[in-house]
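**Q** next input, structure requested:
(chains A, B and C)
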Amino acid sequence: MSLIDLLLTAEAARAHRAVRRTAYRHVHLADRPLIVVAYNLSGEAAAPLGIMYGTDPAAPKLVVAAEPRNRECRFDAINKFAEDLDAYVRPFLTLKTEPKRGGGFRQVASGAPQVIVPNRATRSYLGSRLGRSLRYLGLAGTHDVPEATKWAGSHLSWLAEHANLPGQANFLAMTETLSEHFATGQSALEDESLAALLAWIDGVAGDLLAELERVELEEAFGPVPNPKWEAKLEPHVKRWGDGLRTDDAAKMAAAEAAVRTAVDAALTDAYAATHRAVDILRAIDPAATVPDRWANDVYEWGAHAKRAKTGIPMFARRHDALRAAAMLQRWSAAADELETARAFDDPMIMARLDAEGRCVTGAITSVDAQNKEVKPGNQRATRVPLVELSLTGATRLLAGEVVRWVGDKKIRGVVRSVDDGSAVVAVTDQVKAFDTYAWSPGVEVMFVGLDPWEGPNPWGPDEIPWTHKEATTTELAGEAEPGDGATDGSPDMTPAELAEVVVVGTVAPDAEPGVVV
Amino acid sequence: MSGMRGQATSPSLDGIRGTLPRARANARSVAALTQNPGCTRRRVIDSAGLPAHDLAAKLGRPTLRGQSPFAIEGGNRFEDRLKERSGYGLLVEALAPYVELPMPPGLVVEDVNQVGGKVGSKAWMDARVAKTDEVLAKITSGDSTAPHIVDHPVLRFDLAGAEVNLEPDALAFRVGDRLELVEIKSYPIIDGQADPGKLSATAGQTAVYHMALRSTLERLGFDPDLLVWSVILVAPRNFGRQPVAHRVPLKKKSLSLSRVLSAVPKTAEVLAGLPADLTFDVDPGGTMDEATLRAALTKAVQQVGALFVPDCVTACDMAAFCRAEAWAKDDPARLGRDARDNLAGVHTLADALRLAEDGPAAGEDELADVAEALGAARSAIVRARSLVPTADLTPVPAVPPAGGAA
Amino acid sequence: MSHPTPKVDFQWVNTDYTNRVVADLGALDKGGAVLVEAPPGAGKSSLTVSVSKALADADSKLRLPIVTQTNEQADDLVASLLKRHPDLPVTRLVGGAGGSNAMRTLAAANPDLVISSKHDDPAVKGTQVVVATARKWEFVRSGQQQSGLIQGYDLALIDEAYQMRSDALLGIATMFDRLMCVGDPGQLDPFTTIDDALWKGLEYAPSRTAMGTLSAFHPDLTPHQLPLSWRLPPSAAGIVSRAFYPYTGFSAGTDATQRSLALGAGGGAPEDDALDRAAAEGWAYVELPEKLSVRTDAEVATQLARLVRRLLDRGADVVDELDATGRKLEAKDVAVVVAHNDQVHAVRFALSQLSLDPDSLVVSTANKVQGREYEVVLVWHPLAGRRDATAFHLEAGRMCVMLSRHRQACIVVGRAGADRLLAEFPDSDPIFLDEPEKFPDGWEANSLVLDHLAGFKV
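**A** Numbering: from 1, shown residues only, chains lettered A, B, ... in the order given. This is a model prediction of the structure:
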C-alpha cells in the first residue's frame, strides 16, 4: 500500500466515509449495461439457484432453480437466462464495413456488450464456471441444450477471457471498479463486499462499524449465498425433490414459490446495489483515454463477432503454449499502456507516482537547449536539450532511466544525473515539440518514469517449438475439440438420489465434509 | 525455559482456561498456527486449548465464517461414493495415475472406525489409535496381508505437551516401498485447476496429517521417509461427481508448519509477560448476566495482545472481536501487513494524518523520516486535488434503492 | 572449514567442462539440449567463450547464435569473446536503437567486430558467432516467418538461461534444433507484472522460467554442475552453497591462503572492528539497534557510507590467485548492494555527505548486479527496520545475489529484530495444482543466513 493510498484510507477512516482515489472515471459505461447477479448452490461447481439480471434498475428478470441438482429444473432457469443474454448480445454481433487505414476495407463490430456484476467472484463464476459449463454442451453426445444456451456459453467464455485484459470494460466487477475510484477506511479484502463498499461511499446514518458487521453477517451478493440463509432454504429445496419423486405438483409449486421468494429478496438487494454502483461511477467525469480503451474493446469483440458468423465460436479448455505466450505479452503491454494513460489523464494518479518517487519533480534551474550529442547508432550529433532541476521531492529514479514530461507525453528523455537536491534530464525525443514550450528557470516541471513500449512487436511463432511440448501434446490445450465437454459430468441427480439427500441444517464453521464420527 | 520464578509471576495455561471445556485441536486449527504466528492472543488461545468459537460468541462478536449445509452434504456424498458405495472401486480408479491398487474384491480395506466400542467415546478413540498403529506397522513391515487402504485412521501426536488426535479422511497405504497419503475434497477441479485458497487450506491441513504420520512411524520404529512428501488429492472433476486425482507437494507447507510448531515452547516467554491471575474463565459459577460476562471477558482477553490483519477473517473465530478492537485502536495493521510496515512505527492512522499535516511533534524525532514521506505524499494529494476541483467530491446522495422486482 | 584438498586450477576445470559439453553437444539429437548450472562465479562466461571457440574451430562454416537476456549481458559476452580470442569473427546483432557506446569503443579496437541490426547483412553472415538478446532473436524469427522461411540453426547457446522467461524461449526456439543453456539457478527469477493464475500448472506457462519449461518436457536432461566458485572465497562458499544451493552444492576454487585483504593502519574509528573482522574472516555483520524505519532508513545508509569511507581511507592490498603480489584496493572494487532503488539514492546521498563521489563506486540494487563481481561488497539487509516481512524481503534469489558478489569480504548492515520478523512470518503462499514447489525456500535460506551472520556480529 503506497503512502498516498494509506493517507486516503486514513482520511476515509477518520471521516467514516470513502474518499476519491481518482479525479476521473477510468472505465467506459454503456448507456444500458446488462447487470447480472447470481446465487450458486454451495457444494456445486456450476448449479445456479437464481440469476437476476436486466438493464433497467426497476425491472429485473429473475430465474430460479428450486433444485439445481435436477437437470430439468436447472436448465429451465439457465435456458431462460441464456436466451435473454443472447438477445442482449446479438445486436453487437452485427458487423459493419469501414475503410481501412492505407486502403481497402475491414469489418468491425458496431458495438460491444457490457456486462456488469457486483463483485469479482461473480465475474469469475459467470464466466469461468457457468460459461465454461455451457460451452461444450450438445457436442459429442453430451446433454443437448437450446442453441441460445450454447451461444451464451460462448459469449460468457469470451467475456471471461477478455476480462483479463487490463483496462477492459466489457465485463466489469463493481467491487473492483469502485475500489479503483474510491478509498475506504478498510482493507482491500473487505472492499470485496459491495455492500460494505457502498456503506463507505454512501455513508450510513448510525455506527459505521456496526453496519459493516451486520452486512458481513447478513448480506451476500453472490455467487456464494449466506450459509445461514442456505440452511433456512434447505428444507424447501428438499421438498421440491420430494414433490418430484412423488409426482406432487402442488408440493413442487409451493417449494418453488418459497425458494423464489427467498432468492428474489436476497438478489434484489444485490441487483439494486450493482445499479447504485454504476450510478455512482456514472456521475464522475470520464478520463480522456476512456473512449480509446472502449474502442479497443469493441475492436476485440469484433474478432468474436467475426468468428460467430460461421457458427458458435469455440474455446479451448486451457491456452496452448502459443496463445498463452501471446496473451501474456498482450496483457502485459496493455497493463503498461493503461498505467501510463491513467497517469497522464488523472492528476491524482500522477500524484501517486510522484509520492512513490517515480517522478523527478522540481523547479528548472537551467536549460541547455543547444546541447548536441551522438546518440547510439547514429553517426552525427543531434540536439539533446538538457534540463536541470532543483528537486522539490524525493525520487527513486536513477541515472539512465527513461522519463516523459508530464505536460506532453511525447516529450521523452533520460535522467542524466540525479543527486539529493538536483537532477538533469536529457530530452532525447520530440525536440521540436520541446521547443514549442517555454522552459524558463523557476518553472516547476515534472518528468515521470513511465515508458511503455510503443514500437512494433514481433509476430508470435506459428508452431509450438520442441522446447515447449512433449512428443505427445498436452491433453487440455490446443484447439477446442467436439469431445471437450464429454467428461465434464454434471451435478444432475435422479429423483431417487435426491430422495436420499439429508437435510443438514446449520453447520459449525469448522465442520468438515466427510468426517464421520 | 520456565524456572521457578516464572511459575510464581506468570499465569499457567490451565489457569487461563479454568473450567472452560478444552477445545480439541484438529488439523485445521493446527494448520492455522502458520497463518499468523505473530499473534499472541491466538497463540495463548490455542496453547490453552480454549474454545475460540465460544469465546467470540460470549464476547458479542460471533464468528464470521460459516459452512453451507449443501456443501457439507455434497462433500459427504462424494466421499461416500468413492468409498462405501463403490466398494472403494471409484477411489482406486481415481488413484490409478499415481498408484496401482487392485480393484475390489482383490482390494483389502481396513476401516478403523469398525473397532467396536461406543462411537465417540474415549475408549473408542483409543482403540482406533491402537488399530491405526497396528495396521501401519503391518503395512510398513511389508506384511503381505496388510490392507491397501486404511480408512478413518486416527493419528495421535504430541503438540507442545498436549495430546492431539487427528482424524484424516485421508488414507495411507503402501505402494512398493513407500507410503502415500490421500485426501478427499469436494471442491471441483476444473480443467486441471482448483481454487488456490481452498487448495492452500487443504495442503496446510494435510501437512499436519503428514507430520503426525511421520511421528507415528517414528514412534513405531519405522523410517518416516517411507512417507512421500506429498498428498494425492482426490476431488470432483469439472462439473460432475466423477473423481480426479492430483499430486500436491507438501514440502514447503511442512517446513512452515514445523518451524511454527518448534516455536511453540516460546509460549512460556509470552506467558511471562502476562498477569499471574489472568484467566478467561471469568464466570466459573455461571452467575453473570450476558453484559457483565461480556465486559469481564473483554477485559481479560484484552490483557493478551492481538495482531489483527485482514486475513484473520478467513482463518480465526476471534476475528470480529479483534477487528473491532483494531478499529478502536485505529491500528494500521487492520489494513494489511504492508500498510503497517510502510508506516514504520506510526501506531495509528490518525497519527499518520497528523504527521502528514503537521509534521512530527516534540519528542517524535524518531518519526521524522516517516513524517517527511507522509508530508510529501500529502502535498502530492493536495496539489492534485487543486488541479481538478471535482477530485474530492463525494457522490451525490444515494437515491432510494431501486425498486427491484417489486 | 574443510575443502577438497587436491586443488585444481581454473584452466583445468574450464577445459574439462568445455570438452564434456562439446562432446555432449556432438552427441545431441535434434530437439535436445545440454544444460550447465553454474553457482556464482563458477566461470560461466569463460565456459561459454571456450565452448564457442571450440565449436568455431571445429567447423569453419559454423554460425553460432548466442542468446542473452539483456543488452548489457550481450555486450559483456562480446567483450569476453574478443578479449580471449581476438581473431574470432563476431557479430553483435543489435536492435533499432543501435549499438551501445561500449560496443562502439570495442569496435574501434577490434575492427573485425560487426555491429549490425540486420541479421541478413553479408557482413553478419561472414562471422562465426552472432550475439544478440532473446528479444532481438525473436524479431529475427518473426521477420523470417513473415517472409515465409525460417532459416534454422543447428545449435544456439543461451546465456543466463535461468533468468529467461518461458515465453522468450518459445519465441525463438523454432530457429534452433539444439540448445546449450547456461545459467545460475540460485539468482532472481524473471517476473511478470500481470496475474498469471490462468496458466498455473501448465508446463509451458509463459511466466515460468525457460529452464522450468524445458526440463518439464524433457525430464531426462541432467544438467552439468560447475563445481567450484572462483569468485567466492572459502569463507563465503560454505554458507552460500548451504543456503541457496542445498541440493547441488559447490565449494570455493581457491583456498584461504590464496586470498587476503590487508587493510591499512586502523584503530580508533568505530568502523574498524567491522572492517578488521571482514578482512580477517570474510564477513562482518553490523547490527544497528532495533527500530522501525522507512525503507530509506538514513541510519543504515549512513552506516554503509561510513564503512565505505573508512575502508577507502585505510586502503587495502588485495592479494589473490590472479595477482599474488597484490594490488591496491580501489573504489571501483567496492559495491554497496541494496534491495530498492530509493535505498540506492539514500546511500549515494550518505556517501556525498562524507565527501565521497557516489559515482566512484557501485551503488546498486541486487537485480542490477547479477553476474557482477567486486572485491568488497557491503549489503543493506532487506529486513533492516521492517515491521513486517513480505515474500519480497525473503526472496532467496535476491539474498543470494547480495551475498555472492564478493571476492574478498562482505559486510552486512542490518537492524536487530530480523529474527522476530522471521518468527512472525505468516505462511500465505497460494498453492496451484501441478505447480512445482520453488526451492530453496526463502524463509529457510534467510534463517540460515541470519544464523551465519550472528557469528560475525561486531
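**Q** quick one: name whatever helix or strand follows the lengthiest strand in chain C.
**A** Ranked by number of residues, the top strand in chain C under DSSP state E is strand C:406-415. Scanning the chain past strand C:406-415 towards its C-terminal end, the next helix or strand to appear is helix C:418-423 (assignment: DSSP states H and E).
**Q** what sits up against that following helix?
**A** For helix C:418-423, the surrounding residues in contact (CB atoms under 8 Å, 6 or more residues apart in numbering or on different chains) are B:37-38, B:263, B:266, C:381, C:383-384, C:386, C:388-389, C:393-394, C:443, C:446-447, C:450. From N, CA and C alone the C-beta is placed, and that goes for glycine too.
**Q** if we go to 7 Å?
**A** Residues from elsewhere that reach helix C:418-423, judged by CB atoms under 7 Å, 6 or more residues apart in numbering or on different chains: B:P37, B:A263, C:H381, C:L383, C:R386, C:A389, C:W443, C:N446, C:S447, C:L450.
**Q** likewise for stretch C:362-374?
**A** Contacts made with stretch C:362-374 from outside it, assessed by CB under 7 Å, 6+ apart, are listed as C:41, C:73, C:160, C:187-188, C:231, C:333-341, C:344, C:347-348, C:398, C:401-402, C:405-407.
**Q** so which of the residues you listed are in helices?
**A** Helix and strand membership here follows DSSP state H; of the contacts of stretch C:362-374, those in helices are C:Q73, C:N341, C:V344, C:V347, C:R348, C:R398, C:V401, C:M402.
**Q** relative to chain B, how far out is the fifth one?
**A** This means C:R348. Using CB to the nearest CB, to the nearest Å, one obtains 17 Å as the distance from C:R348 to chain B.
**Q** how many neighbours does B:R247 have?
**A** Neighbouring residues of B:R247 were enumerated by other CB atoms under 10 Å in any protein chain shown; the total is 15.
**Q** is it in contact with B:V228, as I believe?
**A** No. Using CB atoms under 7 Å, B:R247 is not in contact with B:V228, being 8.7 Å away.
**Q** in the stretch 1-150 of chain C, which spans are helices?
**A** With DSSP state H, counting those that start in this stretch, the ranges of helices along the stretch 1-150 of chain C come out as C:10-26, C:44-58, C:71-84, C:101-109, C:122-125, C:134-146.
**Q** chain A contacts on the stretch 101-250 of chain B?
**A** Along the stretch 101-250 of chain B, the residues adjacent to chain A under the rule CB under 7 Å from any CB of the partner chain are B:113, B:119-120, B:152, B:167, B:169, B:184, B:186, B:188, B:190-192, B:237-242.
**Q** on that earlier part again, looking at the helices of the stretch 1-150 of chain C, which is closest to A:G413?
**A** Closest approach to A:G413 among the helices of the stretch 1-150 of chain C (CB to CB): helix C:101-109, 17.7 Å.
**Q** related to what we said a few turns ago, just the buried ones out of the residues of the stretch 101-250 of chain B next to chain A, please.
**A** When neighbours are counted using 16 or more other CB atoms under 10 Å in any protein chain shown, those contain these buried positions: B:113, B:152, B:167, B:169, B:184, B:186, B:188, B:190-192, B:237-241.
**Q** how near is A:A253 to chain C?
**A** Here A:A253 is placed at a distance of 43 Å from chain C (CB to the nearest CB).
**Q** was I right to think C:V412 contacts C:W380?
**A** No. Using CB under 7 Å, C:V412 is not in contact with C:W380; the gap is 8.2 Å.
**Q** mind showing which ranges of the chain have poor pLDDT?
**A** All of this refers to chain A. Counting by pLDDT under 70, chain A shows low-confidence ranges at A:140-142, A:377, A:471-484, A:512-517.
**Q** look at chain B instead
**A** Residues of chain B that meet the criterion pLDDT under 70 lie in B:1-8, B:160-161, B:169-172, B:174-175, B:177, B:264-265, B:392-406.
**Q** tell me who's in contact with the residue of it found nearest chain C.
**A** Evaluated by CB to the nearest CB, chain B has B:G38 as its residue closest to chain C, separated by 3.2 Å. By CB under 7 Å, 6+ apart, the contact set of B:G38 is B:L307, C:E424.
**Q** strands of the stretch 1-150 of chain A, residue ranges please.
**A** Per DSSP state E, counting those that start in this stretch, the stretch 1-150 of chain A carries strands over the ranges A:19-20, A:34-40, A:48-54, A:61-64, A:95-99, A:105-109, A:115-117.
**Q** can you list contacts of the third one?
**A** Spelled out, that is strand A:48-54. Residues outside strand A:48-54 that contact it (CB under 7 Å, 6+ apart): A:34-41, A:60-65, A:68, A:77-78, A:81, A:84, A:130, A:225, A:263, A:267-268, A:271.
**Q** now, of these, which are buried?
**A** Buried positions within the contacts of strand A:48-54, assessed by neighbour count (16+ other CB under 10 Å), are A:34-41, A:60, A:62-65, A:68, A:77-78, A:81, A:84, A:130, A:225, A:263, A:267-268, A:271.
**Q** in chain A, which residue sits closest to chain B?
**A** Across chain A, the shortest distance to chain B (CB to the nearest CB) belongs to A:G489, at 1.5 Å.
**Q** no further questions, thank you.
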